[in-house]
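**Q** Turn this into a model:
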Amino acid sequence: MANGAVQYAFTGNTYTTPVGYIVGGEWGDNANPITIEGIGGAGVIVGGPTQAECSLEVAPVDANGLLDKILRTTAGTYGGYPAGEPPAFKLHVGDDADGLYLATWQVASAGINFAVGDVLKVSYKLIGTGKPTRGLNANTYTIAQTPFIWHDGSVQIDSANAEVISCDLSVENGLKAYHTLNTKIENSRRWNDGCDSGSEIITCNLTLRENPGHELDEDELEEADIVLTAVNTAESPLTATFTLSNAKPTVQNTRLVPASSQREWTVTYNADPNEGALVITVA
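**A** Have a look, this model is predicted:
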């Protein structure tokens, strides 16, 4: 079983398009061994169902940052509800020693972070379908020097500024690999046939310097619209927009920051599952 840290990640039909700055990640596969025990201490370990897995943290620089692969694709380029799966895409991840080529990766979960003093970053958990090809990617490339920078972006609640310090959006697709007893070629029989989607869970956590004023003790939960806008530093800038509609505040806390005695609020917003609550655009 090969595994390693992610030093590069290429997408595109020929595995030549970098997804952006690689901030971190690891790749590998899981043998999921099965232990069969018999009477008298006899036993054997055999290989169980396996699948390719990868975690990837990216600072996108353009439209190749996999943002269009996060949501399910029943409607529109960047996702739809209520059914469907996140789109499959080609990706080669690896380091200086080895890597994985696979044409059918899918986003199991994604975390989008935008904060004061930082750039837009996205953490992905990926699951592949089928047996990957091993090997290095010898392509040379230059990543654009155009991250989505914090001071050119904004986060608004119900179309108004709200003194937001950081925004964390989380999308969980409930993706699970499935296996069958279908006939397969030698040395490829334990690999998954595909992935199934469970409930799509969308959560947003905001840290603010201003009281958002939500009333969480009423009979019905309130709703709010949250729009995260990030702009890259290209000569012809691209704007990534994350629009979370009708999100329900479910947890609201406040605290004093130790040194400055500044009061901060943290609020968790949840979207109703499969309601078309999140739209992602890059234009």
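**Q** Show me what the spatially most central residue of the chain is bridged to.
**A** Centroid-nearest residue in the chain, with C-alpha atoms, centre = their mean: residue 110, separated by 1.7 Å. Listed by DSSP bridges, the beta-bridge partners for residue 110 are residue 124, residue 171.
**Q** State the pLDDT value of it.
**A** Note for residue 110: predicted pLDDT of 97.
**Q** do residue 9 as well
**A** With respect to pLDDT, residue 9 scores 94.
**Q** Check residue 80 too.
**A** At residue 80, pLDDT is 51.
**Q** returning to that earlier point: wait, the residue nearest to the centre of the chain touches residue 126, no?
**A** No: if you go by C-beta atoms under 8 Å, residue 110 and residue 126 don't touch, sitting 9.4 Å apart. (Each C-beta comes from the backbone N, C-alpha and C, glycine too.)
**Q** Just give the closest residue to residue 237, not the sequence neighbours.
**A** residue 231 (5.1 Å; C-beta to C-beta, 6 or more residues apart in numbering).
**Q** Assumed that neighbour was part of a strand.
**A** Yes: with DSSP: H, G, I helix; E, B strand; the rest coil as the criterion, residue 231 is part of a strand.
**Q** wait, what's in contact with it?
**A** Residue 231 makes contact with 148-149, 152-153, 237-240, according to C-beta atoms under 8 Å, 6 or more residues apart in numbering.
**Q** bridging residues for it?
**A** Beta-bridge partners, per DSSP bridges, of residue 231: residue 149, residue 239.
**Q** Quick check: of the contacts of residue 231, which has the highest neighbour count?
**A** In terms of neighbour count, residue 148 stands highest of the contacts of residue 231 at 29 neighbours, by other C-beta atoms under 10 Å.
**Q** Next one: that one from residue 63, what distance?
**A** As for residue 148, its distance to residue 63 is 11 Å (criterion: C-beta to C-beta, to the nearest Å).
**Q** shared neighbours, these two?
**A** Taking C-beta under 8 Å, 6+ apart as the criterion, residue 148 and residue 63 both touch residue 238.
**Q** tell me the mean pLDDT over stretch 184-194?
**A** Rounded mean pLDDT across stretch 184-194 is 92.
**Q** One more: stretch 201-211?
**A** 95.
**Q** now that stretch, how far from the centre of its chain.
**A** Remark: stretch 201-211 is offset 18 Å from the chain centroid, using C-alpha atoms, centre = their mean, to the nearest Å.
**Q** buried set for that stretch?
**A** Across stretch 201-211, burial judged by 16 or more other C-beta atoms under 10 Å covers 202-208.
**Q** out of those, which one sits closest to residue 279?
**A** Comparing the buried residues of stretch 201-211 against residue 279 with C-beta to C-beta picks out residue 202 as the nearest, at 11.0 Å.
**Q** Quick check: closest non-adjacent residue to the closest one.
**A** Nearest non-adjacent residue to residue 202, counting by C-beta to C-beta, 6+ apart: residue 271, 4.0 Å away.
**Q** Good, we can wrap up now.
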